[in-house]
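Colleague: sequence? don't have it. structure:
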């Protein structure tokens, strides 16, 4: 049994290194294509764009969200904003009613049906060739939309463009850890864009051509991850998704472990179940890197974390059991003997090198993601917060997501 565990362990370590090196090679091959523009840009043509803001109990943030849209560097007669109050029970209605007099803003109220129904109402009211969403807890940089639209102008085959999402208002340790994670996400998203393998078109200001919804239909529930499901559907139908690394959107993130747990449980549950729904594309070359790289990497990551966490629990239980047995046999004196580690039984050089390599590549992803997001090549405290916070927390929401999937229990939105 120990041999089997060792074999699995080294296979997973190898796959972890392979994935990180693959991303690095992708970066090295495409680094000259990564352009970070400063200041304003202009387009030859400014297509009309509809942006829907779905709101559910967002009274504290939605006003600032809409103001960020009104401040976009984009012709006001080409920007249509739809605010959808999805049955809020707080002061959201009062917050959005302040925009009643704006000619390019429409406001709708409906019974609570979930974010995807609010977005579909926006689709029904849309009269433009481009459609996007901005979550009501996020804020768009003034240059974000025009930079996104430049991708559509450059390549007519692009069907959707996702922005770089970063953290704002980070105050707690948990939020600082997420800041580093989001920086890393900017890097990975850009690499997946080069590979044609993006699996999420995030709610904060991803822009689509209207043709996507005309051809593939409206948003679906997608296990409470409608932004993931539409990306899967697009990949299955060979619709090109790009990432605009210098289009920035700033989002509020969970401020406590409890809130982070609920959010990530929903995300991981959505990944597992959307992947199950689209399992027919797995390892099918005709669906490109999305099916032979992105989805398998996600599945392997879940399995790896689950395996390593279970081994930690097993080893801890075994250690405690041995101490209890020693106490029963020898008394208190045995409880205070420190365990001895004999390095003879470990290939220290190779193992240490592999672990250091993995950490180096992860830190590089954070650093370059920060470079793209903030223009800084520098370490930050958030990077050091990231490792203990996510190492401790992620096994719990992964395990719960798997558990919920087996028992078909849908997690709550919040």
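Modeller: Done, it's in. Please read these numbers as outputs of a predicted model, since none were measured by experiment.

Colleague: Residue 186 is in contact with residue 166, isn't it?
Modeller: Yes: the pair residue 186 / residue 166 is scored as a contact, 7.0 Å apart, by CB atoms under 8 Å. Every residue, glycine included, has its C-beta placed from N, CA and C.

Colleague: joint contacts of these two?
Modeller: residue 373 (CB atoms under 8 Å, 6 or more residues apart in numbering).

Colleague: what does stretch 29-39 contact?
Modeller: Outside stretch 29-39, the residues touching it (CB under 8 Å, 6+ apart) are 143, 147, 190-191, 194, 245-246, 372, 375.

Colleague: That should have said stretch 406-414, apologies.
Modeller: 56, 114-115, 223-224, 259, 262-263, 265-266, 269, 400-401, 403-404.

Colleague: Filter these down to the buried ones and express that as a ChimeraX selection.
Modeller: Restricted to buried positions by 16 or more other CB atoms under 10 Å, the ChimeraX selection for these reads:
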select :56,114,115,223,224,262,263,265,266,269,400,401,404
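
Colleague: if we can go back for a sec, please indicate which of the contacts of stretch 29-39 has the highest neighbour count?
Modeller: residue 190 (26 neighbours; other CB atoms under 10 Å).

Colleague: that older thread, need the contacts of stretch 29-39 in JSON lines with secondary structure and pLDDT, can you?
Modeller: Rendered in JSON lines, the data for the contacts of stretch 29-39 read as follows (DSSP: H, G, I helix; E, B strand; the rest coil; pLDDT from 0 to 100):
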{"residue": "143", "secondary structure": "coil", "pLDDT": "97"}
{"residue": "147", "secondary structure": "helix", "pLDDT": "98"}
{"residue": "190", "secondary structure": "helix", "pLDDT": "97"}
{"residue": "191", "secondary structure": "helix", "pLDDT": "97"}
{"residue": "194", "secondary structure": "helix", "pLDDT": "97"}
{"residue": "245", "secondary structure": "strand", "pLDDT": "96"}
{"residue": "246", "secondary structure": "strand", "pLDDT": "95"}
{"residue": "372", "secondary structure": "helix", "pLDDT": "90"}
{"residue": "375", "secondary structure": "coil", "pLDDT": "85"}
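
Colleague: Mind putting these into a markdown table with distance to residue 170?
Modeller: Below are the contacts of stretch 29-39 laid out as a markdown table (distance: CB to CB, whole Å):
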| residue | distance to residue 170 |
| --- | --- |
| 143 | 22 |
| 147 | 24 |
| 190 | 22 |
| 191 | 24 |
| 194 | 28 |
| 245 | 20 |
| 246 | 21 |
| 372 | 18 |
| 375 | 18 |
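
Colleague: between those, which is closest to residue 309?
Modeller: The nearest member of the contacts of stretch 29-39 to residue 309, counting by CB to CB, is residue 191 at 26.7 Å.

Colleague: Tell me which residues touch the closest one, please.
Modeller: Counted by CB under 8 Å, 6+ apart, residue 191 has contacts 23, 26-27, 30.

Colleague: what do you get if the cut-off is 7 Å, keeping everything else the same?
Modeller: 23, 26-27 (CB atoms under 7 Å, 6 or more residues apart in numbering).

Colleague: Let me see the backbone angles for residue 51.
Modeller: Main-chain torsions, residue 51, degrees, to the nearest 10: phi -120, psi 120.

Colleague: so it touches residue 81, yeah?
Modeller: Yes: applying CB atoms under 7 Å as the test, residue 51 and residue 81 come out as touching, 5.5 Å apart.

Colleague: the more surrounded of those two?
Modeller: It is residue 51, of residue 51 and residue 81, that has more neighbours when counted by other CB under 10 Å, with 25 against 21.

Colleague: if we look at the helix or strand hosting residue 94, which residues are touching it?
Modeller: Secondary structure from DSSP states H and E places residue 94 in helix 92-97. Under the contact criterion CB under 7 Å, 6+ apart, helix 92-97 has outside partners 55, 57-59, 62-63, 83, 85, 107, 109.

Colleague: coming back round to it: take the contacts of stretch 406-414 and keep only those in helices.
Modeller: Counting by DSSP state H, these place 115, 259, 262-263, 265-266, 269, 400-401, 403-404 in helices.

Colleague: For those residues, which two are the farthest from each other?
Modeller: 115 and 403 (24.2 Å).

Colleague: Residue 218 looks like it's in a helix, true?
Modeller: No: checked against DSSP: H, G, I helix; E, B strand; the rest coil, residue 218 lies outside a helix; its state is coil.

Colleague: what number of residues lie near the nearest residue to it once chain neighbours are set aside?
Modeller: Among residues not flanking residue 218 along the chain, residue 120 sits closest, at 4.5 Å (CB to CB, 6 or more residues apart in numbering). Residue 120 has 21 neighbours, counted by other CB under 10 Å.

Colleague: Over to the one 4 residues further on?
Modeller: The number of residues packed near residue 124 is 10, by other CB under 10 Å.

Colleague: what's the answer for residue 393, then?
Modeller: Using other CB under 10 Å, residue 393 has 16 other residues around it.

Colleague: just residue 69 next, same as before
Modeller: 24.

Colleague: Excluding chain neighbours, what is closest to it?
Modeller: Distance criterion CB to CB, 6+ apart; nearest residue to residue 69, sequence neighbours excluded, is residue 81 at 5.5 Å.

Colleague: ok, now residue 211?
Modeller: Per CB to CB, 6+ apart, closest to residue 211 is residue 159, 6.8 Å.
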